[in-house]
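[1] Curious how this folds, go ahead:
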Amino acid sequence: MSPQRRTALVSVGAACLLIAIKLAAGLASGSLGLLAEAAHSGTDLGAALLTFFAVSVAVRPADEGHPFGHGKAQNLAALAEAGLLVAISLLIGGVAVARLAGWVGFEVEPTAWTFAAIALVVVIDASRTAVSFRAGRRHRSDALLANALHFGSDLAGTLAVLAGLVAAAYGAPEGDAIAALFVAGLVVAAASRL
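    Presented below is the predicted three-dimensional model:
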């Protein structure tokens, strides 16, 4: 297995773990920010699977049908990732606005377990950002660099969700919806760079 494929496969595993952690913590606490991050990680899973496929194709040698090789597969994976990111951010933003406008009732109850889950997510996000970035630069892989950029935005989003949950813990539950809007903005910004 090539180093690029191995890095992409690790991203798939990390995305699955993050979805489970964020979804469980989000449902337990009622945090839209964490649920938005879980959905965001769901797009990470799709993107990581696309990257795994793309780097598998891109390393193939040139052939009759592709005399210049298969490197463009990585660019197509980055484009597909951007489309996924925009779609999920529109959904997140809509629900956050509905909460802020009072169209839907909600309660946010962060617990110590919620904050422990966020701490674990921060460690995972920071690690996979660094690993994907190093591998992308080492192997000159657009798809792995796109993953690193996306994972870096995940880290920023998780920190925003942490701030929103701290606000909710101190009596301002709208902080969680604002964090969810911030996550949606990060997703759109990341997609526009891809």
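[2] Make sure I118 is actually in contact with T158.
    Yes. The pair I118 / T158 is scored as a contact, 6.3 Å apart, by Cβ atoms under 8 Å. To be clear about C-beta, it is placed using only N, CA and C from the backbone, and glycine gets the same treatment.
[3] Could you pull up phi and psi at Y170?
    The phi/psi pair for Y170 (degrees, to the nearest 10) reads phi -100, psi 20.
[4] What lies in contact with stretch 106-117?
    21-22, 24-25, 28-32, 34, 99, 162, 165-166, 168-169, 173, 176-177 (Cβ atoms under 8 Å, 6 or more residues apart in numbering).
[5] rerun at 6 Å
    With Cβ atoms under 6 Å, 6 or more residues apart in numbering as the contact definition, stretch 106-117 has outside contacts at I21, A25, S29, G30, S31, R99, L165, A168, A169, P173, D176.
[6] Please pick the buried ones from those.
    With burial judged by 16 or more other Cβ atoms under 10 Å, the buried subset of those is I21, A25, S29, G30, S31, R99, L165, A168, A169, P173, D176.
[7] Please list all residues in contact with the first one.
    With contact taken as Cβ under 6 Å, 6+ apart, I21 is in contact with A117, V121.
[8] redo that, cut-off 8 Å
    By Cβ under 8 Å, 6+ apart, I21 lies in contact with A117, L120, V121.
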